[in-house]
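S.K.: Quick one, what's the 3D model for this:
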Amino acid sequence: MAGADSEAIRAEHPLKGVALVVVATFLFAAADTLGKHLAMLYALTMVLAARYAVNLALVTLVIWPRHGAALWRTNRTGLVILRGACLALASISMLIALRLMPVAETVAIIYIAPVLVMLAAGTVLGEKVGPLGWISAALGFAGVLLIARPGSGLAPLGVALSLINACLATGYHLLTRILSKTESTMAMMFHASLVGAVVFTVLTLTLQTETMPTAVDAGLMLALGALATAGHLLFTSAYREAPASTLAPVNYMHIAFATLLGWLVFQQIPDALGFTGMALIAAAGLLAAWRASR
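M.R.: Numbers count the residues shown, from 1 in each chain. Now for the predicted structure:
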């Protein structure tokens, strides 16, 4: 979201920007790991209702005192809400995938999204893909095939949901790029949180789940929201300190942290071909970022 505006901003503290992305990606990986734990115990709508409620509360508390009504003011409200719906659907597809698959492989597959954004931008926004773009796309899809190959032991539904998540993320990022010309970053962030909070709270109340969380797990649900929100705020701040071309490679620390935490918490580790596939997806994303920086 912030990355779309960052190219026009002169980098003043690149090392600070890198450090912020490292911390943000660790928080994202921690949220993924915690989300998998909670998704295996409770209704997904309940977990996400708590996550988005915390997200909405924190975004409002951080931004509203300084900006007031500008926090929720929009020009193209329909597209802003559609963007929030993409994120909400991506969130639930991610949790179902995490319920079915290890953290590392799930996170790695969704990182095909930058390549999909590049390809979709060629169709939707009329941007030229070029030879480097097609090479990065081939690397990314080869990586996904290695991770999800027959015999890998991964649940086919989990793989499908991870790819659906990547497609939804592509729509989310394209809408961000389109809306960034008329909407503020803070308003888009607020409405994304609002849509998620409303959708999942209504679903939770409608479905009336019988399994209620313990006090500890309720606290973990709130922590999930805090981790995700803090990660996004740090990520946004990082792009004020350094250009996207500098920070793009650091984003893939998310896969490394997800692998580490998945091993520590769930004793799940990818095999050699899985690691190779993850490396190819990371290489595809880095090549796409380098192409964009040129």
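
S.K.: Secondary structure element holding the residue nearest in space to the middle of the chain?
M.R.: Nearest residue to the geometric centre of the chain (Cα atoms, centre = their mean): residue 169, 7.1 Å. Under the criterion of DSSP states H and E, residue 169 resides in helix 156-179.

S.K.: got the buried residues for whichever strand or helix holds residue 55?
M.R.: Assigned by DSSP H and E, residue 55 falls within helix 44-67. Going by neighbour count (16 or more other Cβ atoms under 10 Å), the buried part of helix 44-67 is 44-59, 63. In short, each C-beta sits where N, CA and C put it, glycine included.

S.K.: And the helix or strand just after that helix, what does it pack against?
M.R.: Proceeding N to C from helix 44-67, the next assigned helix or strand is helix 77-100, under DSSP H and E. With contacts taken as 3 or more Cβ pairs under 8 Å, 6 or more residues apart in numbering; DSSP states H and E, helix 77-100 sits against helix 14-39, helix 44-67, helix 103-110, helix 156-179, helix 185-207.

S.K.: rerun that using 7 Å as the cut-off
M.R.: Helices and strands touching helix 77-100, by 3 or more Cβ pairs under 7 Å, 6 or more residues apart in numbering; DSSP states H and E, are helix 14-39, helix 44-67, helix 156-179, helix 185-207.

S.K.: Output those helices in a markdown table, with mean pLDDT and distance to residue 96 appended to each entry.
M.R.: Formatted as a markdown table, the helices and strands packed on helix 77-100 follow (pLDDT from 0 to 100; distance: least, Cβ to Cβ, whole Å):
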| stretch | mean pLDDT | distance to residue 96 |
| --- | --- | --- |
| helix 14-39 | 92 | 7 |
| helix 44-67 | 92 | 7 |
| helix 156-179 | 92 | 5 |
| helix 185-207 | 92 | 13 |
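
S.K.: hang on, the earlier thing: packing partners for the helix holding residue 55?
M.R.: Judged by 3+ Cβ pairs under 7 Å, 6+ apart, helix 44-67 is in contact with helix 14-39, helix 77-100, helix 185-207, helix 215-241.

S.K.: Which of those helices sits closest to residue 286?
M.R.: helix 14-39 (13.9 Å; Cβ to Cβ).

S.K.: tilt between that closest one and helix 77-100?
M.R.: Per axes from the mean of the first three to the mean of the last three Cα atoms, to 10 degrees, the angle that helix 14-39 makes with helix 77-100 is 60 degrees.

S.K.: Please look at residue 249 and residue 286 and confirm they touch.
M.R.: Yes: counting by Cβ atoms under 7 Å, residue 249 touches residue 286, with 5.5 Å between them.

S.K.: quick one: contacts for the closest residue to residue 187 other than its chain neighbours?
M.R.: Excluding its sequence neighbours, the residue lying closest to residue 187 (Cβ to Cβ, 6 or more residues apart in numbering) is residue 74, at 5.4 Å. The contact partners of residue 74, taken as Cβ atoms under 7 Å, 6 or more residues apart in numbering, are 80, 183, 187, 191.

S.K.: so how far is residue 63 from the second one?
M.R.: Distance of residue 183 to residue 63, given as Cβ to Cβ, to the nearest Å: 14 Å.

S.K.: swap in residue 208?
M.R.: According to Cβ to Cβ, residue 208 stands 34 Å off from residue 63.

S.K.: what about stretch 34-52, start to end distance?
M.R.: Criterion Cα to Cα, to the nearest Å; first-to-last residue distance in stretch 34-52 is 15 Å.

S.K.: now it, how far from the chain's geometric center?
M.R.: Put simply, stretch 34-52 sits 16 Å off its chain's centre (Cα atoms, centre = their mean, to the nearest Å).

S.K.: and what of stretch 52-61?
M.R.: The chain centroid and the centroid of stretch 52-61 are separated by 17 Å under Cα atoms, centre = their mean.

S.K.: Repeat that for stretch 103-117.
M.R.: Relative to its chain's centre, stretch 103-117 lies at 9 Å (Cα atoms, centre = their mean).

S.K.: pLDDT on that stretch, on average?
M.R.: Stretch 103-117 comes out with an average pLDDT of 90.
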